[in-house]
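Peer 1: quick one: sequence plus predicted model below, questions after.
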Amino acid sequence: MNEKIIYSFGSFTYDLIENHKGISKYCVGGSNAYFSLSSSIVGLKTYPVGYISDDIDDNIRKRLSGFIDLKYLKSGKKLNFHIVYNENLEANYLKDLEENDEVIDCKDLPKSDYAHVCVISSIKNQMDIIEYYKKLGSFVSTGTYLIRIKKDRDTVLKMLNMCDLFFLNKEESFALSNEKNFNDVINFFANTGKKVVITLGKNGAIFIENKNFLKVDAINVDVVDVTGAGETFAGAFVSSYILYNDPYLSLKYGVILSSFVIEDFGINGLLNIKRDLLFKRLEELNVWN
């Protein structure tokens, strides 16, 4: 039987994060860094495709290569975010990526039955990649963010309808559905006929497919940096779902991996996962039962 693999599209950036406690740090981030690391830790062979910032030094690249194959990542430019969080963990982007920073070509890659398109700076490019893999018959997942919904809700709705699995957080789910009550939000996404995951921060996450709803609680940890928590959750969920076809188990993996990433800046919480603590959290959520 052929080994299952997934291509994930997006970038590895080098960011300045100022957290809600007033502590600032330069760290490796980027949507694809969070997704591909999380996916590979759960156990799916993951090939990140896109760009890796020139600011990321060889030592970090070597550490990354211990988890994932970097052969489809292109260097040649500096890619940086500067994000400041307030006490409510709301992000203010003082520096963002430009739309043309992440124009990614997917047509020369070997065929894959699975693709995840991270939130990238060009919504047109994100849509093009999704459409390309859907025409190939691949299982495609993606997500969005609040600014994009507010700017171009109609296109995000088209993206939702085009893919197989869609990720967003609670605030984004209200904005995309245009509903005022969370039960109505759930019903809105149930009626799309798509698999949808809504992350709920400290309240865990919910999986919706038609009239089937599953929910898991979060793991309580000390929060340092919430950047990338959504893509980390997505990476763990997608990897688990492809490997085991069990959405409840996949929710648990998403909660566990995202609990590690928010305990440190950038991807450090994923790179430094202690095996004994990982197994402790797996047991805490009864992953094997």
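Peer 2: The structure has been received and is ready for your questions.

Peer 1: please count neighbours and contacts with C-alpha atoms only from this point.
Peer 2: Noted.

Peer 1: tally of neighbours for the nearest residue to Ala229 once chain neighbours are set aside?
Peer 2: Sequence neighbours aside, Ser258 is the residue nearest to Ala229 in space, at 5.2 Å (criterion: CA to CA, 6 or more residues apart in numbering). Residues lying near Ser258 (other CA atoms under 10 Å) number 27.

Peer 1: hmm, Thr227 and Ser258 touching each other?
Peer 2: No: judged on CA atoms under 8 Å, Ser258 makes no contact with Thr227 at a distance of 10.1 Å.

Peer 1: so which strand or helix has the nearest residue to Glu87 once chain neighbours are set aside?
Peer 2: Among residues not flanking Glu87 along the chain, His20 sits closest, at 4.9 Å (CA to CA, 6+ apart). Following DSSP states H and E, there is no helix or strand that holds His20.

Peer 1: show me the contacts for His20.
Peer 2: Val84, Tyr85, Asn86, Glu87, Asn88, Leu89, Val224, Asp225 (CA atoms under 8 Å, 6 or more residues apart in numbering).

Peer 1: low-scoring stretches of the chain, by residue?
Peer 2: 1, 288-289 (pLDDT under 70).

Peer 1: show me the strands in it, by range?
Peer 2: 5-18, 24-29, 45-52, 73-74, 82-85, 91-95, 114-117, 139-143, 165-169, 195-199, 205-209, 212-216 (DSSP state E).

Peer 1: dump those strands to CSV, plus distance to Thr155 and mean neighbour count.
Peer 2: Formatted as CSV, the strands of the chain follow (distance: least, CA to CA, whole Å; neighbours: other CA atoms under 10 Å):
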stretch, distance to Thr155, mean neighbour count
strand 5-18, 19, 25
strand 24-29, 26, 19
strand 45-52, 22, 25
strand 73-74, 27, 17
strand 82-85, 25, 19
strand 91-95, 22, 13
strand 114-117, 15, 25
strand 139-143, 12, 24
strand 165-169, 14, 22
strand 195-199, 17, 24
strand 205-209, 21, 22
strand 212-216, 26, 15
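
Peer 1: would a markdown table of these with distance to Thr232 be doable?
Peer 2: Shown next, in a markdown table, are the strands of the chain (distance: least, CA to CA, whole Å):
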| stretch | distance to Thr232 |
| --- | --- |
| strand 5-18 | 12 |
| strand 24-29 | 11 |
| strand 45-52 | 13 |
| strand 73-74 | 19 |
| strand 82-85 | 18 |
| strand 91-95 | 17 |
| strand 114-117 | 12 |
| strand 139-143 | 12 |
| strand 165-169 | 11 |
| strand 195-199 | 11 |
| strand 205-209 | 13 |
| strand 212-216 | 16 |
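
Peer 1: ok, which of the ones you listed comes nearest Leu282?
Peer 2: Evaluated over these, closeness to Leu282 peaks at strand 212-216, with 13.0 Å, by CA to CA.

Peer 1: would you agree Lys78 is in contact with Val28?
Peer 2: No: in this structure, Lys78 is not within contact of Val28 by CA under 8 Å, at 12.0 Å.

Peer 1: residues in contact with stretch 191-203?
Peer 2: Counting by CA under 8 Å, 6+ apart, 160-161, 163-170, 173, 189, 205-210, 217-220, 230 sit against stretch 191-203.

Peer 1: give me the neighbour count for Arg281.
Peer 2: Counted with other CA under 10 Å, the neighbours of Arg281 add up to 19.

Peer 1: kindly report the same for Glu284.
Peer 2: Glu284, neighbours per other CA under 10 Å, totals 12.

Peer 1: can you tell me how far it is from Ser250?
Peer 2: Glu284 sits 15 Å away from Ser250, going by CA to CA, to the nearest Å.

Peer 1: over to Val287?
Peer 2: Counting by CA to CA, the gap from Val287 to Ser250 is 9 Å.

Peer 1: the two: who's more crowded?
Peer 2: The residue with more neighbours, out of Val287 and Ser250, is Ser250; 27 against 16, by other CA under 10 Å.

Peer 1: for the more buried one, which non-adjacent residue is spatially closest?
Peer 2: Ser250's closest residue in space is Phe237 (CA to CA, 6+ apart), at 4.5 Å.

Peer 1: can you pull the contacts of the one you found?
Peer 2: Phe237 makes contact with Ser39, Pro247, Ser250, Leu251, Lys252, Tyr253, Gly254, according to CA under 8 Å, 6+ apart.
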